[in-house]
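Trainee: Sharing a sequence plus its predicted fold:
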Amino acid sequence: MKEKKLLQVISLIILLTILAFVFAPYSRLNDKVAQADLVMKGMGSVYAFKVYKQAEIEWPVLKLNLDFQRKVSESKKVFSEYKKNHPALIFFLKDTVTDQQIQSILDELYKMDGVVKTKFVSKEEALKVYRERNKQDSKLLNLVNRDVLPMSIEIYMDDWFKANDVKTKTKSKEFVDNIIGPNLDI
């Protein structure tokens, strides 16, 4: 009789241990999904999509959850619309850059996987955008002139998950001062 009870207790401990190992990651992933839900409400579609994808990779069974799949699909739609009108990367150029170097990097970028469009933004265009965005604040308008703003190249991509590859291949250019864009490493 004692052996039977001992076997039941051991079986129960093993079952609880297994459940703890199975549901602990699920709980963390639920936290990630909840975080992504909040981000989506704030229109942070790039980050939300990344978090949903991380959760899906870490817990493949989520693919069977219809509510989760609806959230992934919704974030993917929002993200797709967002990336049509926003650059994946912006390269800020040094003032010493030549027209030949600009054309060279534009040609190089356009040949890279995932790049669909590049746009050179001159100092004059940057000032125009700055003035438009800050037209309500005269103090800000008076602080900046064209010499303060850098020239830049906007890179539009169909697959933002390849943005880090583009960044890595081009960051060593001596005329590129800084590169900004989302961190979508998963």
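Mentor: Received the coordinates, thanks.
Trainee: now the strands for this protein?
Mentor: Along the chain, the segments classed as strands by DSSP state E run 89-93, 115-121, 151-157, 176-180.
Trainee: For residue 63, find the nearest of these.
Mentor: Ranking the strands of the chain by distance to residue 63, with Cβ to Cβ as the measure, places strand 151-157 first at 25.6 Å. Every residue, glycine included, has its C-beta placed from N, CA and C.
Trainee: Would you indicate which residues of the closest one are buried?
Mentor: The neighbour-count criterion (16 or more other Cβ atoms under 10 Å) identifies 151-153, 155-157 as the buried residues of strand 151-157.
Trainee: Which strands or helices does it pack on?
Mentor: strand 89-93, helix 99-110, strand 115-121, helix 123-133, helix 163-170 (3 or more Cβ pairs under 8 Å, 6 or more residues apart in numbering; DSSP states H and E).
Trainee: Include distance to residue 48, mean neighbour count and mean pLDDT when you put the ones you listed into TSV, please.
Mentor: Output for the helices and strands packed on strand 151-157, formatted as TSV (distance: least, Cβ to Cβ, whole Å; neighbours: other Cβ atoms under 10 Å; pLDDT from 0 to 100):
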stretch	distance to residue 48	mean neighbour count	mean pLDDT
strand 89-93	20	21	89
helix 99-110	27	14	91
strand 115-121	22	16	92
helix 123-133	25	14	88
helix 163-170	17	16	85
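Trainee: Just put those in a markdown table and tack on distance to residue 145.
Mentor: Shown next, in a markdown table, are the helices and strands packed on strand 151-157 (distance: least, Cβ to Cβ, whole Å):
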| stretch | distance to residue 145 |
| --- | --- |
| strand 89-93 | 17 |
| helix 99-110 | 21 |
| strand 115-121 | 16 |
| helix 123-133 | 7 |
| helix 163-170 | 28 |
